[in-house]
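[1] Sequence and predicted structure are below.
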Amino acid sequence: MRIINLKKKLGKFTIDIPYLELESGCIHGFIGENGSGKTTTAKLIADILKPDAGEILYDGLDSRSITMTAQKPYMLHTSVYENIIYPLKIRNIKPNEIEIDTMLKKYDLYEKKKQYARSLSSGEQQKLSLLRTLIFKPEFVIIDETLSNLSAESLELFENLILEIQKACCITWVLISHQPHIINELCDTVHFFANGRLIESGKKEQVFLYSQNPIVKTYVQRQVFGLLKER
Ligand SMILES: Nc1ncnc2c1ncn2[C@@H]1O[C@H](COP(=O)(O)OP(=O)(O)OP(=O)(O)O)[C@@H](O)[C@H]1O
């Protein structure tokens, strides 16, 4: 997918991206400070927002096959099970009950299968939102901070799931995250946003270790220092 001269104005904020390429079948990380334009760019890619100018060239991908998990997961007013099968239902796909039960058991949601989804904890809602996204095996997945609120154990399970799916199917991923260890473990490339602009794009080592951009350098140093302090 390629973005060319993309512009979008939201109030006083403007997205202005002359060029961004997201190679198919790779895991891409979007990083940058709060309010730098990561989610807005992702919404433009997912066709949730329309650009004011510029183009997104999907190169054969149907934009309807792009799914995006929101920062605050949206739960339908129904059970965990009904939430999980919703993407299948609207596509007239028969759910594979064994696969669903296995998934729910693996992610500790099986006992809550009939529970009202909105009564789950926020981390459980995030897990459910990720499973709901992955169940119909989309071609392009955007995960907006949905991994951030998970416990270390759940995070590891989901990281493994993403890598497993990645090996088996050729999905393109965009992970939006403030946590450099998630980006570092999963992503092939990193795209760094500041004030609505893409200021650095490349292989993660190139961006994390060798960027000469002062904004990127400060961000990386602060994040790494934060990680060291956590230990
Ligand atoms: N509908 C809107 N109207 C006006 N301003 C908006 C609208 N939507 C987003 N913005 C502004 O656009 C800017 C970028 O928001 P965006 O959610 O893309 O940032 P982000 O990089 O994803 O931030 P975060 O890391 O905090 O999630 C913010 O300053 C936000 O207030």
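    Looks like it arrived, so ask away. Residues are numbered from 1 along each chain as shown.

[2] could you pull out the strands for the chain?
    2-10, 13-21, 27-32, 53-57, 66-69, 140-144, 172-176, 189-194, 197-203 (DSSP state E).

[3] Can you tell me the centre-most residue of the chain?
    Geometric centre of the chain, nearest residue: I143, 1.5 Å, by C-alpha atoms, centre = their mean.

[4] doesn't I176 make contact with it?
    Yes - checked against C-beta atoms under 8 Å, the pair I143 and I176 is within contact range at 6.8 Å. Heads up, the C-betas are built off the backbone N, CA and C, glycines and all.

[5] What parts of this structure come near the ligand?
    For the chain, the residues in contact with the ligand (C-beta under 6 Å from any ligand atom) are 10-11, 13, 32, 34-40, 193.

[6] dump the residue contacts of L88.
    Applying C-beta atoms under 8 Å, 6 or more residues apart in numbering to L88 gives the contacts 94-95, 135-136.

[7] now the residues you listed: which count as buried?
    Among these, those classed as buried by 16 or more other C-beta atoms under 10 Å are 135-136.

[8] Helices - which of the contacts of L88 land there?
    The helices, defined by DSSP state H, take in nothing from the contacts of L88.

[9] Let me know the closest of the contacts of L88 to S201.
    When those are compared for distance to S201 (C-beta to C-beta), F136 wins out at 29.5 Å.

[10] What is the burial count for the closest residue to the closest one other than its chain neighbours?
    Take F136 and drop its neighbours on the chain: the residue closest to it by C-beta to C-beta, 6 or more residues apart in numbering is P87, 4.6 Å away. Neighbour count for P87, taken as other C-beta atoms under 10 Å: 18.

[11] Is P87 in contact with K137, as I believe?
    No - with contact defined as C-beta under 8 Å, P87 does not count as touching K137 (9.9 Å).

[12] Now do the closest residue to S79 other than its chain neighbours against H77, distance only.
    Counting by C-beta to C-beta, 6+ apart, S79 lies nearest to K114, which is 5.3 Å off, once chain neighbours are set aside. Distance of K114 to H77, computed by C-beta to C-beta, to the nearest Å: 14 Å.

[13] now swap in S148 and tell me
    25 Å.

[14] These two: which has the busier surroundings?
    S148 (16 against 9).

[15] what's near enough to touch the nearest residue to L10 once chain neighbours are set aside?
    Computed as C-beta to C-beta, 6+ apart, the closest residue to L10 that is not its neighbour in sequence is T40, at 6.4 Å. Contacts for T40 (C-beta under 8 Å, 6+ apart) come out as 8, 10, 13, 15, 49, 196.

[16] now I85
    95, 100, 135.

[17] now do I3
    Counting by C-beta under 8 Å, 6+ apart, I3 touches 17, 19-22, 41, 44-45, 54-57.

[18] excluding its backbone neighbours, what's nearest it?
    Nearest non-adjacent residue to I3 (C-beta to C-beta, 6+ apart): L20, at 4.1 Å.

[19] before we move on, what about Q125?
    Q125 sits nearest to P73 (C-beta to C-beta, 6+ apart), 4.6 Å away.
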